[in-house]
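Chemist: sequence-free structure coming up:
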């Protein structure tokens, strides 16, 4: 019997190893693995992290909270956020070097309250509403914003009896004179329009279709606030600095160029190349500042994924593809790729754009540039639907990475292709949960993707809307929802976010070396916790 | 360009085919495929079903219902059931020959209201409560039931001032004299204890951990009602007849032998072999009745999966293994396998029982019998937890099928083993959703399992508790949640439920032949719908 038991246990270990053999966190983590010090330092740090995770699962996550009916690790983010922030694991992960942020929509990367603080400083912002505001309907009526640099808007309140619906009132005045709680009440109202709250996600709009109504409205509200030159410049700067503060050393935001102009400081329209000039200027400033502080390891730059909308006709998209091409020629170091954004279930499938994408490839050759597709695909619960089948077209069109690929788990052949060709998946755990593709992190298909050896980069998608600023929250949700995931998993995800970025050559090598130095420090820090 | 587009489309079709190449519904459906008539009859029927599915997705499923905030195909079953029942797809599927029901807990197979109708006829049933019932606490206090065949319980109400808490009152009296709505109110109260309602599933106990509190309480309530000989006999009969009425032609229920006796008609204790004698007698009667009506094709029998509890110690389980062995020797045609039941996240992992299972295998050899394990495993959201790792042990212990295997999608090696060795998965879609492993059917991992070519049998698990009587509801949820699934998918699932049953030899061949005849009829019926 003893012999039989022993051989059973050996077979069991072999089976588990075979089952996990494709996982990328089974490979050595860094090329400078020895720099981590004795191998058992990493092992020790991993054990400490796992122990704290278990302790917190048994303590903080079992406490009864009047406002949180059923806490558990990996629970609905908007409800559990206050608990997450109390944990040691969160504090530890906030110090982790995260590598690159490869999937974030630029106009949703800065905390809504920070954006509002910027906005309230500029008299050019105006607000209007199309219904009379009351205590009852307040949060059902969305503010509309516009920038007018010339004077001429005499009204000073959107809540006075004399307010004419649809007319524009200076933001500063409307805020000061807001009848429902004054400036604070106004800020709460605007904040609600710029973010998704738990009741919206988990009750009012609790399906993956419905929540997009709310989600889309946020972008419509936010666009005029962001696309005003003086604020935009500070917005980009804040995005870089807050990312760096969270341990992100490189960003590859998606930049929505659907709107053809933004408002310049003097009221003149600024075209896309001018947006990039601002972006580039801020980027250089931030890099120089960090280098001058001896913090060059902390930031290796930013590149932009040009995006248009999947709701446009192929003919309309063609204009954006040409625009993208022109920008790539002028800013070869800034344009990282091309993508279409918008709700996949509702928008046109990728295959509708097949001809214009093929022309785009030909045009790139003519112009001597290379702009990879970095497509959203499979951000859906559908099985065999257009949105699900976008995965096939993303692959066939040669996508460099795939955004979301939530439905990828269902597709054995595409998993294999992604693994073999090194097509990384930009997984956005908190976004997927708030947009109701998964009810919580333990139900997320990420383990399928990891166990199939597909490279993954964790991403925050729209942190301004979801409240998952930085990447610490997303790493937290992933780490606590699986007992397979350990320290090396975290490290591999972070490293892969640089490995599968559009950085290349010496730029990428430098970013990886810097990350490895910081990872080494991080491991030592954890190992020193006991 | 035209040539490029054409070659793209060819590559696309090849990719989709490769991605779905492992699916079992790509193989010819029946050995008598030609009996289905011209191949295009099946194609025509499939197209009709798909068209109706789409029409209903766009009509019935988009209607606004005051009590159903967000209807969609495959939605939460307890909320969407009334809509499902209005659809044509449901009516069509109710006529489908379903093959075998391979995963259902016998004590949860008969509609609660039917059980209550049986129970109220017998004066031996008694009820007690341990708290004073009030309008407010009514549905929070569970009834307790017992059978006492001797007289001696004088009280006639559990709601009168003179009721002594914990004392037993005849069920018939307590029902008649119930202060909260009389007999109807009593029935509503008992029904609530025997079922899970939408508020419980989707609000009060809305996590996979919490819902088990409610779920377990149902079995505790129901046990004394079911395990009384006169009712048990009718219960088993009703289970067979209602299954047959839904198109199920074979059943392999799990029979919980944890309780060592049931109460005989005369009050004497009946041991396990007597339970099986009753089961066998009813089975023979039902088969004879059907044969005499010329309906022999509709029912090919029943076998029992012996189950004990995963909360017991290995030493305790050993008693049940020996009991199972003795029953197998006496009723070789009835005992189909062995399993442990109970919440996997909370109970002992399979590996705790390794030694007793190994002894069990040796004992089978000594006794010259063969009793396959047919384990529950992976009924969890855990990743790398004990419950998830039960999948490894189920495989290594040679399980014939796996119950639930909800976490299987994460395990590439186990998917491969199941595909190659023909280990079928007993997938219980509605059970998984109500027990909060998935928020709705579109989020269920079933497509991962199907696309990896693993055989699947759809099962109802505990229809008395969930309200998914028969298999039509589960087939409905699966069919409407995927555009890949078509008529052949349904047929393959049904056929595999016989193919991977414990039937063998001529018995299985006969059951398959009968199913194929009925499937042929079903296809003709659909094709004739337009």
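Modeler: On my side now, so go ahead. Just so it is clear, the structure is predicted and the values come from calculations on it, not from any experiment. Numbering: from 1, shown residues only, chains lettered A, B, ... in the order given.
Chemist: Show me the strands in the stretch 401-530 of chain A, by range?
Modeler: Along the stretch 401-530 of chain A, the segments classed as strands by DSSP state E, counting those that start in this stretch run A:401-404, A:424-427, A:456-458.
Chemist: Let me see the confidence value for residue A:32.
Modeler: Note on residue A:32: pLDDT of 50.
Chemist: should've said residue A:213
Modeler: With respect to pLDDT, residue A:213 has a value of 95.
Chemist: cool, and residue A:458?
Modeler: Reading off the model, residue A:458 has pLDDT 98.
Chemist: for residue A:57, what are its contacts?
Modeler: By C-beta atoms under 8 Å, 6 or more residues apart in numbering or on different chains, the residues touching residue A:57 are A:73, A:480. Bear in mind the C-beta positions are built from the backbone N, C-alpha and C, glycine included.
Chemist: residues contacting the residue in the stretch 1-150 of chain A positioned nearest to chain B?
Modeler: Residue of the stretch 1-150 of chain A nearest chain B, by C-beta to the nearest C-beta: residue A:19 (3.8 Å). Contact partners of residue A:19, counting by C-beta under 8 Å, 6+ apart, are A:451, B:392, B:411, B:412, B:413, B:414.
Chemist: I'd like the strands of the stretch 401-530 of chain A as TSV, with mean neighbour count and distance to residue B:405 appended.
Modeler: What follows is the strands of the stretch 401-530 of chain A, written out as TSV (neighbours: other C-beta atoms under 10 Å in any protein chain shown; distance: least, C-beta to C-beta, whole Å):
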stretch	mean neighbour count	distance to residue B:405
strand A:401-404	28	26
strand A:424-427	26	24
strand A:456-458	26	24
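Chemist: what would those look like in JSON lines with distance to residue B:481?
Modeler: Shown next, in JSON lines, are those (distance: least, C-beta to C-beta, whole Å):
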{"stretch": "strand A:401-404", "distance to residue B:481": "19"}
{"stretch": "strand A:424-427", "distance to residue B:481": "23"}
{"stretch": "strand A:456-458", "distance to residue B:481": "26"}
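Chemist: Not counting its neighbours along the chain, what's nearest the residue of the stretch 151-300 of chain A found nearest chain B?
Modeler: Of all residues in the stretch 151-300 of chain A, residue A:207 sits closest to chain B, at 4.6 Å by C-beta to the nearest C-beta. Excluding its sequence neighbours, the residue lying closest to residue A:207 (C-beta to C-beta, 6 or more residues apart in numbering or on different chains) is residue B:70, at 4.6 Å.
Chemist: Settle this for me: the residue of the stretch 151-300 of chain A closest to chain B is touching residue A:435, isn't it.
Modeler: No. At 9.8 Å, residue A:207 does not count as touching residue A:435 under the criterion of C-beta atoms under 8 Å.
Chemist: higher neighbour count, those two?
Modeler: Set residue A:207 next to residue A:435 and count neighbours by other C-beta atoms under 10 Å in any protein chain shown: residue A:435 wins out with 27 against 18.
Chemist: what residues are up against the closest residue to that one other than its chain neighbours?
Modeler: Once flanking residues are discounted, residue A:435 sits nearest to residue A:211: 5.4 Å by C-beta to C-beta, 6+ apart. By C-beta under 8 Å, 6+ apart, the residues touching residue A:211 are A:196, A:200, A:201, A:205, A:434, A:435, A:436.
Chemist: Lowest-confidence one in those residues?
Modeler: residue A:205 (92).
Chemist: how close does the residue nearest to residue A:435 get to residue A:127?
Modeler: Separation of residue A:211 from residue A:127 (C-beta to C-beta, to the nearest Å): 25 Å.
Chemist: in chain A, which spans are strands?
Modeler: A:99-101, A:125-128, A:144-147, A:169-170, A:248-251, A:254-256, A:262-263, A:269-270, A:304-309, A:335-341, A:375-377, A:401-404, A:424-427, A:456-458 (DSSP state E).
Chemist: pLDDT wise, what is the residue nearest to the spatial centre of chain A at?
Modeler: Centroid-nearest residue in chain A, with C-alpha atoms, centre = their mean: residue A:461, separated by 2.1 Å. Reported pLDDT at residue A:461 in the predicted model: 98.
Chemist: I figured it was touching residue A:427, is that so?
Modeler: No. Applying C-beta under 8 Å, one finds residue A:461 not in contact with residue A:427, separated by 9.7 Å.
Chemist: residues making contact with stretch A:106-115?
Modeler: Contacts with stretch A:106-115, where a contact means C-beta under 8 Å, 6+ apart, come from A:187, A:190-191, A:194-195, A:218-219, A:222-223, A:225-227, A:231, A:235-236, A:238-239, A:242-243, A:253-256, A:304, A:460-465, A:469.
Chemist: out of those residues, which are buried?
Modeler: Buried subset of those (neighbour count, 16 or more other C-beta atoms under 10 Å in any protein chain shown): A:187, A:190, A:194-195, A:218-219, A:222, A:225-227, A:231, A:235-236, A:238-239, A:242-243, A:253-256, A:304, A:460-465, A:469.
Chemist: quick one: average pLDDT of stretch A:162-179?
Modeler: 96.
Chemist: How far off centre is it?
Modeler: Between the centre of stretch A:162-179 and the centre of its chain there are 33 Å (C-alpha atoms, centre = their mean, to the nearest Å).
Chemist: Can you give me the first-to-last residue distance of that stretch?
Modeler: The first and final residues of stretch A:162-179 sit 13 Å from each other (C-alpha to C-alpha, to the nearest Å).
Chemist: again, but for stretch A:54-68
Modeler: End-to-end for stretch A:54-68, by C-alpha to C-alpha: 20 Å.
Chemist: buried set for it?
Modeler: By neighbour count with 16+ other C-beta under 10 Å, stretch A:54-68 contains the buried residues A:56, A:57, A:60, A:61, A:68.
Chemist: How far does it sit from its chain's centre?
Modeler: 27 Å.
Chemist: Report the contact partners of residue A:171.
Modeler: Contacts of residue A:171 (C-beta under 8 Å, 6+ apart): A:119, A:120, A:122, A:123, A:125, A:126, A:127, A:145.
Chemist: Can you name the residues of the stretch 251-400 of chain A that neighbour chain B?
Modeler: Neighbours of chain B within the stretch 251-400 of chain A, by C-beta under 8 Å from any C-beta of the partner chain: A:351, A:354-355, A:358-359, A:381-385, A:389, A:392-393, A:395-396.
Chemist: Could you rerun that using 7 Å?
Modeler: A:354, A:355, A:358, A:381, A:383, A:384, A:385, A:392, A:395, A:396 (C-beta under 7 Å from any C-beta of the partner chain).
Chemist: tell me, how many neighbours does residue A:115 end up with?
Modeler: Residue A:115, neighbours per other C-beta under 10 Å, totals 24.
Chemist: before we move on, what about residue A:153?
Modeler: For residue A:153, using other C-beta under 10 Å, the count is 15.
Chemist: Burial check on the nearest residue to it once chain neighbours are set aside, number of neighbours?
Modeler: Leaving aside its chain neighbours, residue A:153 sits nearest to residue A:168 (4.9 Å; criterion: C-beta to C-beta, 6+ apart). When neighbours are counted by other C-beta under 10 Å, residue A:168 registers 19.
Chemist: Identify the residues contacting residue A:168.
Modeler: A:126, A:128, A:146, A:148, A:153 (C-beta atoms under 7 Å, 6 or more residues apart in numbering or on different chains).
Chemist: Find the residue ranges of chain A scoring beneath the pLDDT cut-off.
Modeler: Filtered on pLDDT under 70, chain A yields the residue ranges A:28-39.
Chemist: quick one, domains of it?
Modeler: Here the domain parsing of chain A from the TED database is A:89-111+A:218-523, A:123-194.
Chemist: quick one on the thing from earlier: residue A:522 versus the residue nearest to residue A:153, what's the distance?
Modeler: 50 Å.
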